[in-house]
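Colleague: Could you look at this predicted model? Sequence included:
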Amino acid sequence: MKLLCAALVLLAGFTFRLEAADPELAGNWAGAIATTRGPMDIGLSLTADKEKLTGVLKTAHGDWEITGVTVKDGVWTVAFAGGGNEGKMIGRIAGTKFTGEWKSKMADGTFELVRVKKK
């Protein structure tokens, strides 16, 4: 019985880890934000790296580091920091689009990204 319980605990741990590095958001995305300070083109590049997604947010202000990615009930939160700014993109994936709210120290608004097809 102890062996069965240990196996179930390990299985649950592996299931959580796979979800943490869910490749659904991994890849390259291109689009724009519309904020209280105006529009800006952005690009998002994420790679599944062991137990998490890592990457960069490309902006007109330079490349900003992705500091965390989580998903809960189909809602993705991508945290970023760089160029004196930090914030989050909170949204859902529908088909080839990732859309939602943009919240940062500099401006709030919305974002819309489209998955960039591999060549």
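Modeller: Happy to help now that I have it.
Colleague: And the helices in this structure, which stretches?
Modeller: With helices called from DSSP state H, the chain shows them at 2-20.
Colleague: Just checking, which helix or strand of it averages the lowest pLDDT?
Modeller: Scoring the helices and strands of the chain by mean pLDDT, DSSP states H and E places helix 2-20 at the bottom, with a mean of 40.
Colleague: Just list whatever residues bridge to the residue nearest the centre of the chain.
Modeller: The chain has residue 78 as the residue nearest its centroid, 3.6 Å off, counting by CA atoms, centre = their mean. Bridge pairing for residue 78 (DSSP bridges) gives the partners residue 69, residue 89.
Colleague: Run through the chain and note the low-pLDDT ranges.
Modeller: 1-23, 119 (pLDDT under 70).
Colleague: cutoff 50 now
Modeller: Residues of the chain meeting the criterion pLDDT under 50: 1-21.
Colleague: Spell out, range by range, the strands that occur in it.
Modeller: All strands of the chain, identified by DSSP state E, fall at 27-35, 38-49, 52-59, 62-72, 75-82, 85-94, 97-104, 108-115.
Colleague: other SSEs contacting the fourth one?
Modeller: In this case it means strand 62-72. Applying 3 or more CB pairs under 8 Å, 6 or more residues apart in numbering; DSSP states H and E, one finds that strand 62-72 makes contact with strand 38-49, strand 52-59, strand 75-82. C-beta coordinates here come from the backbone N, C-alpha and C atoms, glycine included.
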